[in-house]
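J.: Provided below for reference: sequence and predicted model.
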Amino acid sequence: MTDDHISKSLQDLKKQIDKELGQKSKYADKHMAITYCGGCGYEPRAEALAAEIGREFGVRVEMHRTVGGVFEVDLGESRVFSKILLGRFPEEGEVVKIIKAKLGE
């Protein structure tokens, strides 16, 4: 391969990546956050959920460590899941479904 072919291939790859990122960027303005009890050992659950949300919506989820047994998920000003209110952790895929419903998908 010549340098021109490599350069063209890299340009094509960059365009493809930019296109894929652009498709998911429609959620970039959505503020998503998880507040969890660090002292209770909820961090791994919070990290796993943040990764699940990030994969689905292509966004970075803010994580806030606190105390008091909380595990809360917010979409902007709206609480979409509360362990305090429900007395349980979310099931796999549950929060993503709730967020999709809130976003009208």
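T.: Perfect, thanks for sending it.
J.: Would you mind splitting this structure into its domains for me?
T.: For the chain, the structural domains run 1-28, 31-102, going by automatic domain parsing.
J.: May I see those domains arranged in JSON lines, with mean neighbour count and mean pLDDT as well?
T.: No exception for glycine: its C-beta is placed from N, CA and C like everyone else's. JSON lines is the format used below for these (neighbours: other C-beta atoms under 10 Å; pLDDT from 0 to 100):
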{"stretch": "domain 1-28", "mean neighbour count": "10", "mean pLDDT": "63"}
{"stretch": "domain 31-102", "mean neighbour count": "15", "mean pLDDT": "95"}
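J.: all strands for this protein, in order.
T.: 32-37, 62-66, 71-75, 78-82 (DSSP state E).
J.: Could you dump those strands into CSV with distance to residue 95 added?
T.: Below are the strands of the chain laid out as CSV (distance: least, C-beta to C-beta, whole Å):
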stretch, distance to residue 95
strand 32-37, 9
strand 62-66, 14
strand 71-75, 5
strand 78-82, 5
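J.: So which of those is nearest residue 12?
T.: Closest of the strands of the chain to residue 12 is strand 32-37, at 31.9 Å (criterion: C-beta to C-beta).
J.: Please name every helix or strand in contact with the closest one.
T.: helix 43-57, strand 62-66, strand 71-75 (3 or more C-beta pairs under 8 Å, 6 or more residues apart in numbering; DSSP states H and E).
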